[in-house]
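Peer 1: here is my input, please return the structure:
(one chain, ligands or ions: 1)
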Amino acid sequence: MSNHDQIKTTAMDYSKNRPPAENPVKVVDLSLRDGHQSLFATRGRTEDMIPVAEKMDEVGFWAVETWGGATFDAMHRFLNEDPWERIRTLKRYITKTPFSMLLRAQNLVGYRNYADDVARAFVERSAANGIDIFRTFDALNDYRNFETVASVIKECGKHFQGCICYSMTEPRIGGEVYNIEYYVRKAKELEAMGAETICIKDMAGLVAPYDAYEIVKALKAAVKPPIHFHSHFTSGMSPMSHLKAIEAGVDIVDTCMSPYAYRTSHAAVEPLVMTLLGTNRDTGFDIQQLAEINEILERKVLPKYKHLLDDSKVSIIDINVLLHQTPGGMLSNLVNQLREMDALHKIDEVYKELPKVRKELGQIPLVTPTSQIVGIQTVNNVLFDDKDERYKMITDQVKDLCYGLYGQTAIPIDPEVQKKALKGYPRGEDPITCRPAEVLEPELDQAKKDTEGLAQDLDDVITYALYPITGKRFLKWKYGKEDPPPEVKPRTLEEIEAENELIKLAKLGLLVRKPEKKAPPKTDALRTFNVFVDDEYFEVGVEEPGGSPVISYVQQLPVQAQASAPAPVSAPAPVTPAPAPVKSKPAKPAPPEPESSKPAAPATPAPSPVAAGVEGAPLKAPMPGMIVRYLKQVGDAVSKGDTVVILEAMKMENALPAPAGGTVKAINFSIGDSVAKDDVLCVIG
Ligand code: CO
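Peer 2: Numbering: from 1, shown residues only. The predicted model follows:
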């Protein structure tokens, strides 16, 4: 045996047989939830968790986070997976380690406050399906939003963890709002509510190491429950913050297996294990065992997700987080939104407007969904305001916030902004001060009625109650009433290997290029599509030979006729049945259009194509999004500024006002349709 081998064996023996530490740091693994949510847009599939599940159960984690956050949304919307089934499946492989989920308090796993009956049912079913620890947070740190869920968690005999969302307004902890006293006060509120553990939830990697030390010390001195520290790597500070938090006596920290670590995700577990080896905070984990899990993830799982990694830049640190004290994910959303609207050059204006909007909206923490609420309103202000008028286009969510539907803000909302937002607000122009869910009518019975004949159990009903449009579409896929589109199917390792082979050939110059054809001139019938292939992006123009006879108003008709188009939640009064599509340019010969002449699916309200020469003001989509509902029907009279359409963009609902007064002449889309920027949603004449 060589000297080198001897040393290795000794080190490994030491690692295996070391005495237990006095006060080991407890560790939660986040790979199966926050890890892939942060790095791979929550696209992790259950089948890719199974290969490591049993091994992860052996490590000795305090808990594994397997559910909640964005998983519920992403699974039923993009992966054609039943979210409830994931818990049950993983429970068969992970039998010893408790399951943790991220619960957005009264927002559950969605983006708005749900009624108490839905909240109760959701927590009960989560517990029954196998969730043990409910990490609960509220975006405003308004713990009245915990009341309903916390009591059900306890009734079910499960662990209630209360979070304090970490937020700041200065480069370091302090200032008027988010200072040490604030965090101590919040921790005491949680202790009084019966939280079994208290988590400092730093969703953006904002906590600086010495602030982590100070805050953990203060909390350990002020309250009894164990302190849990959750931080993201994003800014690069989290491994240092972990260490300082551990020195200050933190009880539990969160990490990922290294293939799921770093960037906007979390610090990796392996360096932490080695850092603490032999100290009084030693985790006791077997580094060899972790290496085996890594091997499986690296070879069999991560190749399927690598294409989702944002590798647009080399650096794994987001310096903007340090500069703006703002979540990296929120900043990249802003950039994407501006890019989609051809307004990327306005990014500096957005950075300038952001702290202003945040302050006017009550200096709220920036976390889902408040980060989107503040972010999108900021973009709207930059794009649509002029020097005479601010807050020209206020999103429905900002109106709800101003009404008090999300809870109490850290400081009062600017009274002028609040007044403007609440003008004509359907629930009333005076904001509420009670617990928000108290003004919400029960929702579960209606959800049961709406899903009669489709939902097979309460879990199905809840899926629909949380996500009426995409949830119903998922239930149709689940029960074979509709075929899921190909993009929701998983990719296999074989497909990835075949793709890699092609890339290799291309790099070697061995892919034969087709002989070039001379392109015909473009006509005004050209439609552009964004096509994403792995990390490459193409803009592709498509037009029918001979020129399309369809005017822009009815371009979306073929989409509506497809079986995969989601059905509406509540069908509005049917408009005039769709006649054959109208030709806008009769002079040109029209090629047959089999798809658009198909009758609309029975449940779908027939779109009303615009007749040739319909005069009027088009209401165009200011941004790409999904139609949530039309508030007006064809024939309805509208005044300029009346809300006509609700468009969901970046998970926020935007109320689009009528560009002119008159009568609704045409409505061109159905509920659930995706629309591109500048698509004409309706015509008012
Ligand atoms: Co997180």
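Peer 1: excluding its backbone neighbours, what's nearest Glu340?
Peer 2: Pro624 (5.5 Å; Cβ to Cβ, 6 or more residues apart in numbering). All C-beta atoms are positioned from the backbone trio N, CA, C, and that covers glycine.
Peer 1: err, Leu290, not the other one
Peer 2: Nearest to Leu290 is Glu270, by Cβ to Cβ, 6+ apart, at 5.5 Å.
Peer 1: quick one: contacts for that neighbour?
Peer 2: Residues near Glu270 by Cβ atoms under 8 Å, 6 or more residues apart in numbering: 258, 287, 290-291, 294.
Peer 1: mind redoing it with 10 Å?
Peer 2: When contacts are counted by Cβ atoms under 10 Å, 6 or more residues apart in numbering, Glu270 touches 255-258, 261, 285, 287, 290-291, 293-294.
Peer 1: which one of the residues you listed sits in the busiest neighbourhood?
Peer 2: Thr255 (29 neighbours; other Cβ atoms under 10 Å).
Peer 1: phi, psi of it?
Peer 2: Dihedral angles of Thr255 (phi, psi; degrees, to the nearest 10) stand at phi -140, psi 170.
Peer 1: my guess is it contacts Ala63. True?
Peer 2: No. In this structure Thr255 lies outside contact range of Ala63 using Cβ atoms under 10 Å: 11.9 Å.
Peer 1: common neighbours of these two, please.
Peer 2: Common neighbours of Thr255 and Ala63 (Cβ under 10 Å, 6+ apart) are 27-30.
Peer 1: and of these, the nearest to the ion?
Peer 2: Leu30 (7.2 Å; Cβ to the ion).
Peer 1: which residue packs closest to the closest one, ignoring adjacent ones?
Peer 2: Leu30 sits nearest to Glu65 (Cβ to Cβ, 6+ apart), 4.8 Å away.
Peer 1: for the ion, what's its nearest residue on the stretch 451-600 of the chain.
Peer 2: Nearest to the ion in the stretch 451-600 of the chain, going by Cβ to the ion, is Leu466, at a distance of 20.1 Å.
Peer 1: near the ion, which residues of the stretch 551-685 of the chain?
Peer 2: For the stretch 551-685 of the chain, no residue is in contact with the ion (Cβ under 5 Å from the ion).
Peer 1: what do you get for the stretch 101-250 of the chain?
Peer 2: Met203.
Peer 1: sketch out the strands for the stretch 101-250 of the chain, chain order is fine.
Peer 2: 133-136, 159-165, 197-202, 227-231 (DSSP state E, counting those that start in this stretch).
Peer 1: repeat that for the stretch 401-550 of the chain.
Peer 2: 527-533, 536-542.
Peer 1: returning to that earlier point: check whether the residue nearest to Glu340 really touches Asp678, as I assumed.
Peer 2: Yes. Counting by Cβ under 10 Å, Pro624 does reach Asp678; the two are 9.3 Å apart.
Peer 1: list residues touching both of these two?
Peer 2: Common contacts of Pro624 and Asp678 (Cβ under 10 Å, 6+ apart): Met341.
Peer 1: low-confidence regions, the chain specifically.
Peer 2: The model of the chain has pLDDT under 70 over residues 1-14, 512-613, 650-651.
Peer 1: and the gap between the residue nearest to Leu30 and the ion?
Peer 2: Applying Cβ to the ion, to the nearest Å, the value for Glu65 to the ion is 9 Å.
Peer 1: next one: Gly407
Peer 2: 20 Å.
Peer 1: likewise for Leu338?
Peer 2: For Leu338 relative to the ion (Cβ to the ion), the value is 25 Å.
Peer 1: cool, Met75 as well?
Peer 2: 18 Å.
Peer 1: what does Ser312 give?
Peer 2: 22 Å.
Peer 1: hmm, back to that, ok, which of the strands of the stretch 101-250 of the chain comes nearest Asn380?
Peer 2: strand 159-165 (23.9 Å; Cβ to Cβ).
Peer 1: and the residue in the stretch 351-500 of the chain positioned nearest to the ion, what does it touch?
Peer 2: Nearest residue of the stretch 351-500 of the chain to the ion (Cβ to the ion) works out as Val367 at 8.9 Å. By Cβ under 10 Å, 6+ apart, the contact list for Val367 reads 104, 137-141, 163, 165-167, 201-204, 327, 329-330.
Peer 1: wasn't it part of a strand?
Peer 2: No. Under the criterion used here (DSSP: H, G, I helix; E, B strand; the rest coil), Val367 is coil, not part of a strand.
Peer 1: begin at 41, not 1, for the rest of this chat.
Peer 2: OK, 41 is where the count begins now, so the last one is Val407.
Peer 1: next one: the residue nearest to Leu330 from the ion, what distance?
Peer 2: 19 Å.
Peer 1: partner residues bridging Thr295?
Peer 2: Bridge pairing for Thr295 (DSSP bridges) gives the partners Asp69.
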